[in-house]
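> For reference, the sequence and a predicted model appear below.
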Amino acid sequence: MNEQRADVIVLGGGGSGLAAASEAARAGAKVILLEKNPKLGGSTGWSVGSYSAAGTPHQKRAGILNDTPDMHFEDLGKFTAALGLESRDNLALRRILVDNSAETFQWLMDNGVVFMGPALEPPHRHPRMHNVVPGSKSYPYHIARLCRGLGVDIRLSTRATKLRMEDARVSGVEAIDANGETCFYRANRGVVITSGDFSGGRELKARYASAIAADSTAVNITNTGDGHSMALAVGASIMNGDLVHGPIMRFVPPVNPTLISRLPPYTWVGHLATFAMAHAPKALIRPVLMSFITTALGPDPGLFKAGGALVNRRGVRFGNEFEKPALSLAAQPDGVGYIVLDSSMAAKFTEWPHFVSTAPNVAHAYLPDYKSSRRDMYHEAATVTELATLLGMDAASLEASLASGGPSGIAVSKPPFVALGPVKSYMVLTDGGLKVSERHEVIGADDRPIPGLFAAGSAGQGGVLLYGHGHHIGWAFVSGRRAGQHAAAAPAA
C-alpha cells in the first residue's frame, strides 16, 4: 500500500477541517487534508451562513458595547432550558465556544470573509447573529486560500475508510484516492476528524435516532458519518446521537443556480453587497434576497393555519397539518408533497403578516416572490381538474382532499387554485458528535483520550448543544482551529 506522511492528517474539507488544517500549518506542521467530495465546503458551504458571537466590531458599531461571553453563555442556556435539555449540554465546551467566538469572527474577517448585522434572535438579550455576505461559499473560498498559502496539501475526491492503530495510538488513516487506489496517510502527530454530521448516514440515524430520521433525506447527502464510524471502530463513543434537526419541510432546490449562488465570494463583492443592503433602493435588493429565501428555506406553518392543504403525489391529503406534518410527509410516496391554496387563502399571502417563508430579521417571501423566483414550483390553475393535470395527480382524489377541510375545518374550494411544491422532508443536521476532551481529543472506552486522534465541528461536537442560528458555524471554526493547534502540538510518534 502506498504510504504518504505528514505531521497532521485532516479528514474533511468543510469549515472545521479547513480551520484545523490552517492552524496546524500555521504552527509549523506538515498537513494533508483529505476531502471525499470533488470540491471543498461541506455543510458550511451550503448553510445559511449565520455566525453568532458577543463582542464583535459589528456590535460595537451598532452601539452594543456591553455584550460579553458570559451573557452569551447564559443565553445559550435559555435555548436548551426551553427544550428541557439542560442536563444533556456540555457546559465546558459551551464555555470554549463563547469565549473564542469573537476572536474567531475577527480571524475570519482578517482572511477576507465579510459579514453584515448583527440581528436579534430571542432569547438572546443582544443582537449577536451576523450573516455572511454574499453567501456561505465565502467561508471555504477564503479559508482554503489561507490553507494553500500555508502549504496545506489538499487532496480532493479522496475518501478515508479506516483509522489505523499502532502501539496503542492512531498512526494514520487508510483512504481511497481520486484514482481509486488505496493509500495509507501516516500522521506523525495526529489525525483530526472533521467529517461533518451523520444526517446522511442511514445506519447511524437508525442506530442512534429513529426509523423516521433514517428514512429522511439529508440536506447534505454526503454527510454519511464516515468519521463517526471510523472512530467508533477504535473505541470512541457518540454523545447526543438521538438529537436531530428534522425532518423539516423544505421546498426542493431548483435545477439551475440562483442569482445569489452565482455571486462570486470575493471580499470586494461582500463589501459591495453590504453597502447595497444599507443604501440601495429596496426594489433593487429584494430580488437578490428572494433568490435565496425561496431556494434555501421552507414553508411557514401559517400556510396550514390559513387552511392550506398538504397532499401527496397522488393528490391525497394525509395526516394532520397542525401536528408535525414533516413526519408524515417523510412516509409518503417519494417523500414528496404539495401545498394547495384557494384564491381567498392565496390573497392573504401577498403581504405581512402572512408570509410563505422567512429569514429572521432579513426578509420575508410571499406568493408573488415564489411566482417570479421559483416558477418551477409555483403552479396555478382555474379548476381542481386542471391543477391535478398539471401535477400528474388523480383529479377525484385531489378534489376530495381539498373539500375535506382538514384540521383547520376550511375547505380549499374557491378558484383559482395555487399549489407550491414539490416540498420534501429533510434531515437538516444531527447533533450526535464524538465525545471529546476540552483539547478536542477523542475520548475512548476507558474515558481517556485516544492518542493521536482529535475531532472538531459536528463530528467533534462532544455533547455541546448549539440551538439558535449561528452556533453550528461558530463551533465549526472555533473547534476546528483549536483541534488543529492541539494536533500540531501533540507528541510525535
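Structure received.
> Strands along the stretch 251-400 of the chain, start to end?
Per DSSP state E, counting those that start in this stretch, the stretch 251-400 of the chain carries strands over the ranges 309-312, 336-341, 357-359, 363-365, 378-381.
> Could you pull up the mean pLDDT of the first one?
Averaging pLDDT along strand 309-312 gives 96.
> To H126, which of the strands of the stretch 251-400 of the chain lies closest?
strand 357-359 (19.6 Å; CB to CB). Quick note: C-beta positions are derived from backbone N, CA and C, even for glycine.
> May I see the buried residues of that closest one?
357, 359 (16 or more other CB atoms under 10 Å).
> now do stretch 386-405
Applying 16+ other CB under 10 Å to stretch 386-405 flags 386-388, 391, 393, 397-399, 401-402 as buried.
> can you check stretch 247-262 too?
In stretch 247-262, counting by 16+ other CB under 10 Å, buried: 247-254, 258, 260-261.
> What of stretch 190-205?
190-201, 204-205.
> For these, give me JSON lines that also has distance to Q332, pLDDT and secondary structure.
JSON lines is the format used below for the buried residues of stretch 190-205 (distance: CB to CB, whole Å; pLDDT from 0 to 100; DSSP: H, G, I helix; E, B strand; the rest coil):
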{"residue": "G190", "distance to Q332": "46", "pLDDT": "98", "secondary structure": "strand"}
{"residue": "V191", "distance to Q332": "42", "pLDDT": "98", "secondary structure": "strand"}
{"residue": "V192", "distance to Q332": "40", "pLDDT": "98", "secondary structure": "strand"}
{"residue": "I193", "distance to Q332": "36", "pLDDT": "98", "secondary structure": "strand"}
{"residue": "T194", "distance to Q332": "35", "pLDDT": "98", "secondary structure": "coil"}
{"residue": "S195", "distance to Q332": "31", "pLDDT": "98", "secondary structure": "coil"}
{"residue": "G196", "distance to Q332": "28", "pLDDT": "98", "secondary structure": "coil"}
{"residue": "D197", "distance to Q332": "25", "pLDDT": "98", "secondary structure": "coil"}
{"residue": "F198", "distance to Q332": "24", "pLDDT": "98", "secondary structure": "coil"}
{"residue": "S199", "distance to Q332": "20", "pLDDT": "97", "secondary structure": "coil"}
{"residue": "G200", "distance to Q332": "20", "pLDDT": "97", "secondary structure": "coil"}
{"residue": "G201", "distance to Q332": "22", "pLDDT": "97", "secondary structure": "coil"}
{"residue": "L204", "distance to Q332": "24", "pLDDT": "98", "secondary structure": "helix"}
{"residue": "K205", "distance to Q332": "19", "pLDDT": "97", "secondary structure": "helix"}
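> what kind of secondary structure is N131 in?
Secondary structure of N131, reduced to three states by DSSP: H, G, I helix; E, B strand; the rest coil: strand.
> burial of it, as a residue count?
23 (other CB atoms under 10 Å).
> likewise the one 4 residues further on?
Applying other CB under 10 Å, we find 26 residues neighbouring G135.
> Right, I'll leave it there.
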